[in-house]
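Visitor: here is a sequence together with a model predicted from it:
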Amino acid sequence: MRVILDACVLFPTVQREFFLETGQLYTPLWSDRILDEWYYSVLTKLGEDAAAIASVEIETMRARFPNATVAESMAQPPTGERLKILQSIALPDASDRHVIISAIRGGADMIVTANRKDFPRAVMAALSLRAISPDEFAVLLWSQNATEVAQAAHRVFARAQAAGAGVTSKALFKRARLPRLAKALATGEDDAQ
């Protein structure tokens with residue numbers, strides 16, 4: 001499964017870390033523009049120090065997933081026809097067109113985004129794509145491989161604890177806007193006991 005991670009999914013630390021930790025269960029994809037959007041969101045919302053950290057994280061992501069960046073020159077058939085369809089479609093937010101173009105060029109099956117309203121179901125279906133929320137995608141991964149997802153979530157939680165997050169695993173993932181994953185993880189922990 002090839003999946004575009006939108007900038008709004010990369011911005012929140014816990015979401016980003018979770019989806020990178022589970023990156024062996026799917027093929028994560030992004031474009032330079034998506035990474036730039038994430039970087040500039042960090043810069044404008046959190047400042048230069050946080051942006052410097054984001055810059056290092058971007059390079060780490062590129063090294064860890066060397067084939068994840070969808071280049072403008074990449075094309076998966078039938079890209080030409082899908083791009084023609086996209087040109088004839090009006091999106092709620094035209095600035096999100098690049099995300100769909102990256103998905104098409106990268107041969108993605110879906111786009112994980114917190115802004116699903118900007119990717120209407122009918123538009124996505126016409127392009128043979130699907131847009132789902134981060135929580136939906138996390139639960140999809142859980143349904144396909146609960147053990148590996150739980151292990152990835154544990155690693156993310158351990159890093160958060162080491163950084164001083166004084167919350168439970170369930171609270172951490174709920175705050176990260178992954179409430180259904182938090183519930184699945186809590187249920188899994190109960191089952192293991």
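Guide: Received the coordinates, thanks.

Visitor: helix or strand with the lowest mean pLDDT in this structure?
Guide: Lowest on mean pLDDT, DSSP states H and E among the helices and strands of the chain sits helix 79-87, with a mean of 67.

Visitor: quick check: mean pLDDT of the next helix or strand after that one?
Guide: Going down the chain from helix 79-87, the next helix or strand is helix 97-105, by DSSP states H and E. The average pLDDT within helix 97-105 is 89.

Visitor: got it, and stretch 132-150?
Guide: 97.

Visitor: how far is it from where the chain is centred?
Guide: 12 Å (C-alpha atoms, centre = their mean, to the nearest Å).

Visitor: run through who's touching that stretch.
Guide: 3, 9, 15, 18-19, 22, 24-26, 110-114, 116, 177-181, 184-185, 188 (C-beta atoms under 8 Å, 6 or more residues apart in numbering). In short, each C-beta sits where N, CA and C put it, glycine included.

Visitor: go through the residues you listed and flag which are in strands.
Guide: 3, 110-112 (DSSP state E).

Visitor: inside helices: which ones of the contacts of stretch 132-150?
Guide: 9, 15, 18-19, 179-181, 184-185, 188 (DSSP state H).

Visitor: good, we can wrap up now.
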